[in-house]
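> Model the following, please.
(one chain, ligands or ions: 2)
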Amino acid sequence: MSFEQFSIIESTLREGEQFSTATFTTAQKVEIAGLLDQFGVEMIEMTSPSASPQSEEDIRVIAREGLKARLLTHIRCHKEDAQRALDTGVHGLDIVIGTSPQLMQHSHGKSIRQIIDLAAEVMGYIREQKPDIILRFSTEDTFRSREADLLRVYLAVADLGMVNRLGVADTVGVATPTLVYEIVQQFVRLKRLDIEFHGHNDSGCAIANATAALEAGATHIDTTVLGIGERNGITPLGGLVARLYTLKREYVRKYTLTLLQQIDRLIADICDLDIPFNNYITGASAFIHKAGIHAKAVLADPSTYEILKPEDFGLSREIAIGHRLTGWNAIRDRARALGLTLSDDTVRDVTHTIKRQADSKPLTLAEIDALLMDAAGRELVSAVEAGK
Ligand code: HCA
Ligand code: CU
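Ligands and ions are numbered 1, 2, ... in the order given. Below you'll find the model as predicted:
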């Protein structure tokens, strides 16, 4: 297991740019990379310089920013792509080529033998130019590739002795945690190289798959902010953080968790999206407690119903009280917050009134406060009358 020592390869500026509404300006890339760097991701991956002239220029711009994170660019297994990328000032190259029957037939048309020869040629060329550059080789669509093909390619590439890391990619979101665990474990054992996992979310397993990869010994996980990417994207940065935090808070202590909301907001704004209501950590409802029994327990001890502490992320919890499922403990808590000490009977009366009214329409906090104030006024009057 490599939970203690994993690195995040943040690919919002590469995979994320492949999301339907993402087109980042240079200034936006600088802002995104800067925030991710402050957050503490270990590596930032950018679109290939071969994609467009601006893409190439933007890599140079980010390279000059002098970030703590290592800067990578993602290229096809082509000598020309490599040549262009080597010249941009990045610390590493992520090379990819498809190995599934689907991609071999419909994408590059090469056989496994030809893939291996090409990989050897491209890696050899890169190492000649830059012996120290970080080099990763990945098989696109790993999980629909034939196992024998995968093994041939990985063993051949590993035996070249030129790569630092091998990548496993669930390109179409078809993998399950068990499958990921099995494949990653096999590759870790084979050559003891670093292993990177890149997982799409088409069937909702991206976070679970990334976790399984780490359990099996993967060292690097690809993420994007909010999970943006091709189709419905990949493992989201915040979701991975939530998953690891709930396994052991120490695993994510190295990151500035309080920046997560700002990072999610930035990408949502740039891509013209809302942060999904049910988003990990930063979704609008992530820390809202509603039912009376939940509210009671959370007021006594938040950990009863919270596995993530909102304050660790610079956020706060909310207890919703103006609805028909409300409970008198939560109403009493609100009364106390207003400085009112009401008898239990009065609090229960107000709670019933709220429940009755909320059957037709939820109440606002101001409406609840008004009911509590009225009740306090009535208590005062009857106290005075009793004292007469
Ligand atoms: C792509 C495909 C890719 C590559 C992943 C990797 C995928 O858009 O180029 O390099 O590990 O999902 O397979 O994103
Ligand atoms: Cu991808």
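
> If we ignore the residues flanking it in sequence, what's nearest the closest residue to ligand 1 within the stretch 201-350 of the chain?
Nearest residue of the stretch 201-350 of the chain to ligand 1: residue 230, at 5.7 Å (CB to the nearest ligand atom). (C-beta placed from N, C-alpha, C; glycine too.) Computed as CB to CB, 6 or more residues apart in numbering, the closest residue to residue 230 that is not its neighbour in sequence is residue 18, at 4.6 Å.

> can you give me the strands in the chain?
Taking DSSP state E as the test, the strands found in the chain are 7-10, 43-46, 70-76, 92-98, 134-140, 165-170, 194-199, 220-223, 288-289, 318-319.

> Would you reformat those strands as JSON lines and include mean neighbour count?
Output for those, formatted as JSON lines (neighbours: other CB atoms under 10 Å):
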{"stretch": "strand 7-10", "mean neighbour count": "25"}
{"stretch": "strand 43-46", "mean neighbour count": "26"}
{"stretch": "strand 70-76", "mean neighbour count": "23"}
{"stretch": "strand 92-98", "mean neighbour count": "24"}
{"stretch": "strand 134-140", "mean neighbour count": "23"}
{"stretch": "strand 165-170", "mean neighbour count": "25"}
{"stretch": "strand 194-199", "mean neighbour count": "27"}
{"stretch": "strand 220-223", "mean neighbour count": "28"}
{"stretch": "strand 288-289", "mean neighbour count": "18"}
{"stretch": "strand 318-319", "mean neighbour count": "18"}
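
> now those as a markdown table including distance to residue 62 and mean pLDDT?
A markdown table is the format used below for the strands of the chain (distance: least, CB to CB, whole Å; pLDDT from 0 to 100):
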| stretch | distance to residue 62 | mean pLDDT |
| --- | --- | --- |
| strand 7-10 | 12 | 98 |
| strand 43-46 | 6 | 98 |
| strand 70-76 | 6 | 98 |
| strand 92-98 | 13 | 97 |
| strand 134-140 | 16 | 97 |
| strand 165-170 | 21 | 97 |
| strand 194-199 | 20 | 98 |
| strand 220-223 | 18 | 98 |
| strand 288-289 | 37 | 98 |
| strand 318-319 | 38 | 96 |
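
> The ones you listed into TSV, with extra columns for distance to residue 302?
What follows is the strands of the chain, written out as TSV (distance: least, CB to CB, whole Å):
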stretch	distance to residue 302
strand 7-10	28
strand 43-46	34
strand 70-76	37
strand 92-98	41
strand 134-140	41
strand 165-170	35
strand 194-199	32
strand 220-223	27
strand 288-289	9
strand 318-319	10
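
> Indicate which one of those is closest to residue 183.
strand 165-170 (6.1 Å; CB to CB).

> related to what we said a few turns ago, where's the residue of the stretch 201-350 of the chain closest to ligand 1 relative to residue 348, distance?
Counting by CB to CB, to the nearest Å, the separation of residue 230 from residue 348 is 55 Å.

> Same check on residue 272?
For residue 272, the distance to residue 348 equals 48 Å [CB to CB].

> Show me which of those two is the more surrounded one.
Taking neighbours as other CB atoms under 10 Å, residue 272 and residue 348 compare with residue 348 leading, 14 against 8.

> The more buried one and residue 329 touch, don't they?
No - Residue 348 is beyond contact range of residue 329, at 10.5 Å (criterion: CB atoms under 8 Å).

> Tell me how many other residues crowd the residue of the stretch 201-350 of the chain closest to ligand 1.
Neighbour tally, residue 230, other CB under 10 Å: 16.

> so it touches residue 14, yeah?
No - contact status for residue 230 versus residue 14: not in contact, 10.8 Å apart, counting by CB under 8 Å.

> near ligand 1, which residues of the stretch 101-250 of the chain?
138, 140, 167, 169, 171, 198, 200, 230 (CB under 6 Å from any ligand atom).

> can you name the two of those that are farthest apart?
By the measure CB to CB, 167 and 230 form the most distant pair in those, at 15.9 Å.

> can I get the residues of the stretch 101-250 of the chain next to ligand 1 in CSV with distance to residue 218?
Below are these laid out as CSV (distance: CB to CB, whole Å):
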residue, distance to residue 218
138, 12
140, 17
167, 10
169, 12
171, 16
198, 10
200, 16
230, 21
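
> Enumerate every residue touching residue 258.
Residues in contact with residue 258 (CB atoms under 8 Å, 6 or more residues apart in numbering) are 312-314.

> go on, residue 235?
199, 201, 206-207, 209-210, 221-224, 227.

> now do 7 Å
The neighbourhood of residue 235, defined by CB atoms under 7 Å, 6 or more residues apart in numbering, consists of 199, 206-207, 210, 221-223, 227.

> which of the residues in the biggest helix by length in the chain are buried?
In the chain, assigned by DSSP state H, the helix with the most residues is helix 365-387. Of the residues in helix 365-387, 368-369, 371-372, 375-376, 379 count as buried by neighbour count, 16 or more other CB atoms under 10 Å.

> This completes my enquiry, with thanks.
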